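Undergrad: sequence and predicted model, in that order:
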Amino acid sequence: MVLLSLLASQNICVPDWLLSCAHFCGDVISWCFNSPDADRTALGVIFALNAATASIDSFTKSFMESMRLVFRNKIAKYRDPEWLKSVGKDDSAVSLNKREQLANVANDVLVIENEIPTLFTAKARFWKIVMACCAVIALICMVVPYTGRILTLLALPLPLFYWRCKSEKSSFEAKTKMACAEIDRNYDRIKGVGNEPVAAENEDVLSRLASIEDALEKIGVQTSVKARSGAKRKSSKKSVS
Amino acid sequence: MREQDIERLMEEYRNNVRALFEKKSSDFANNSSSRHASILIEEMVLHARRSFVAFAGRMNPIVWNERVMAALADAVNRGVQLRLIVESECEPINNGTMPVSVRSFVRKVQPQMLDHVKAAAPHCACGDEESLRVETDPSQKSAIFAANNPEVAARVVGIVDGLYNMGVPYDGAA
């Protein structure tokens, strides 16, 4: 804390949250060692733990709800009957391509929709268990004198738990953002009228197959088309001679 | 999105594939998931009257599922000539989902050629030398499909036949 104050006095930028955190830690440490008895300390620990548990609980709930909302909006877009009408209804290969992409997008949404709440619930449950264990220990220290002071010091890393939760949130948000961007790209591609070309031209495919035939020939596999064309070449050479 | 919604989309996809067969369309369509591949192969087998050939890797059970196996068994009963070549293992045979009547048409690549074949040949299938499906990017599971394109289909049959003729019976020694 002294170091931070020194940095701040030298006009070196120190984040507000870091200063607040340092002040809080300083207060807790001084209160802990000046406390007249262990019970008060233990009560302080319980209070802190309960507050942390409640904040993490509400944090995860609000985060999950916001994620659900994001996906509900995404999915609503794909359930829009007007939009569905715009996806090719004729019998062409172009229409088939659009429908295939639509199904893939739907599948992506299904996967994400299931994945995010499951993963996040599992993580949140883990932190809730950690908090519950801490609360039980705090209760024990209420009846065992003086352990409260030590546990108060041990409870100081609590902000780390919160920070950990926050980093989980960031990673989920990044994942959600990427998934949404992918969904949007697919959506734009499908929605565009007549912008989905036929997958390939005959010439492209034939030249690709020719290179496959060459590669197979090199390893001793005689493709029948190659054999036929080879026989043709031989017979035409004979007739010329 | 519910599973039923996806099923509905898959059925729509299947109807669209059938429409392409009815129109005898030679245009290429994309296929970029195992479920779509399964629908395409099943429809190719169902529409085959003379022959169905395929080079199918390990025969991924998601693609070569029970519906496809039933279609293959039906094709054998109709007198359709099957030629199926796999890389080394054939999962539908190993897990017992391939009908006995189909098994005798399966061959595998000679073990000493396996690595070269894997590197050189994409998974592909062809029905009646008309319909075809050729994998374009195995990592993305993407492929192209055409319902009636004899020019390209003949080349695909050539590739599969080349591999099939060099292959060994699935249960036999190399």
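TA: Okay, I see it.
Undergrad: so which bits of the helix ranked longest in chain B are buried?
TA: Longest among the helix segments of chain B by residue count, using DSSP state H, is helix B:3-23. The neighbour-count check on helix B:3-23 (16 or more other CB atoms under 10 Å in any protein chain shown) flags B:5-6, B:9-10, B:12-14, B:16-21 as buried. No exception for glycine: its C-beta is placed from N, CA and C like everyone else's.
Undergrad: can you pull out the low-pLDDT segments for chain A?
TA: For chain A, the stretches with pLDDT under 70 are A:1-17, A:19-20, A:22-169, A:171-173, A:175-176, A:179-180, A:182-200, A:224-241.
Undergrad: break it down into its domains, please.
TA: With domains defined by automatic domain parsing, chain A comprises A:54-140+A:158-199, A:203-231.
Undergrad: which other helices and strands does the longest helix of chain B contact?
TA: helix A:93-143, helix B:34-47 (3 or more CB pairs under 8 Å, 6 or more residues apart in numbering or on different chains; DSSP states H and E).
Undergrad: okay, angle between the next helix or strand after the last one and helix B:34-47 too, please.
TA: Heading C-terminal from helix B:34-47, the first helix or strand you meet, by DSSP states H and E, is strand B:51-55. Computed with axes from the mean of the first three to the mean of the last three CA atoms, to 10 degrees, the direction of strand B:51-55 lies at 150 degrees from that of helix B:34-47.
Undergrad: direction included, what does strand B:51-55 pair up with?
TA: strand B:81-86 (parallel), strand B:124-127 (antiparallel) (DSSP bridges).
Undergrad: quick check: beta-bridge partners of the residue nearest the centre of chain B?
TA: The residue lying closest to the centre of chain B (CA atoms, centre = their mean) is residue B:125, at 4.3 Å. Bridge pairing for residue B:125 (DSSP bridges) gives the partners residue B:54, residue B:133.
Undergrad: quick one: it from residue B:160, how far?
TA: Separation of residue B:125 from residue B:160 (CB to CB, to the nearest Å) stands at 8 Å.
Undergrad: need the residues touching each of the two.
TA: B:53-55 (CB atoms under 8 Å, 6 or more residues apart in numbering or on different chains).
Undergrad: of these, grab the buried ones for ChimeraX.
TA: Selection command for ChimeraX covering only the buried members of these, criterion 16+ other CB under 10 Å:
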select /B:53,54,55
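Undergrad: any chance of JSON lines for the shared contacts of residue B:125 and residue B:160, columns pLDDT?
TA: Conversion of these to JSON lines gives the following (pLDDT from 0 to 100):
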{"residue": "B:53", "pLDDT": "94"}
{"residue": "B:54", "pLDDT": "94"}
{"residue": "B:55", "pLDDT": "92"}
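Undergrad: from the shared contacts of residue B:125 and residue B:160, which is closest to residue B:168?
TA: residue B:55 (14.4 Å; CB to CB).
Undergrad: I'd say that closest one and residue B:121 touch.
TA: Yes - using CB atoms under 8 Å, residue B:55 is in contact with residue B:121, at 6.0 Å.
Undergrad: list residues touching both of these two?
TA: With CB under 8 Å, 6+ apart, residue B:55 and residue B:121 have common neighbours B:159, B:163.
Undergrad: residues touching residue B:80, list them.
TA: B:45, B:48-52.
Undergrad: tell me which residues in stretch B:99-114 are buried?
TA: B:99, B:102, B:105-110, B:113.
Undergrad: and the residues you listed, which is closest to chain A?
TA: Within the buried residues of stretch B:99-114, the smallest distance to chain A is 6.2 Å, found for residue B:113 (CB to the nearest CB).
Undergrad: which residue sits closest to that closest one in space, ignoring its chain neighbours?
TA: residue A:219 (6.2 Å; CB to CB, 6 or more residues apart in numbering or on different chains).
Undergrad: show the contacting residues for that neighbour.
TA: Residue A:219 touches B:113, B:116-117, B:120, counting by CB under 8 Å, 6+ apart.
Undergrad: phi, psi for it please.
TA: Backbone torsions for residue A:219, taken as degrees, to the nearest 10, come to phi -100, psi 10.
Undergrad: and residue B:31, by the same measure?
TA: According to degrees, to the nearest 10, residue B:31 has phi -150, psi 120.
Undergrad: in the sheet, who's paired with the nearest residue to it once chain neighbours are set aside?
TA: Using CB to CB, 6+ apart and skipping the chain neighbours, the partner closest in space to residue B:31 is residue B:143 (4.5 Å). Per DSSP bridges, the residues bridged to residue B:143 are residue B:31, residue B:135.
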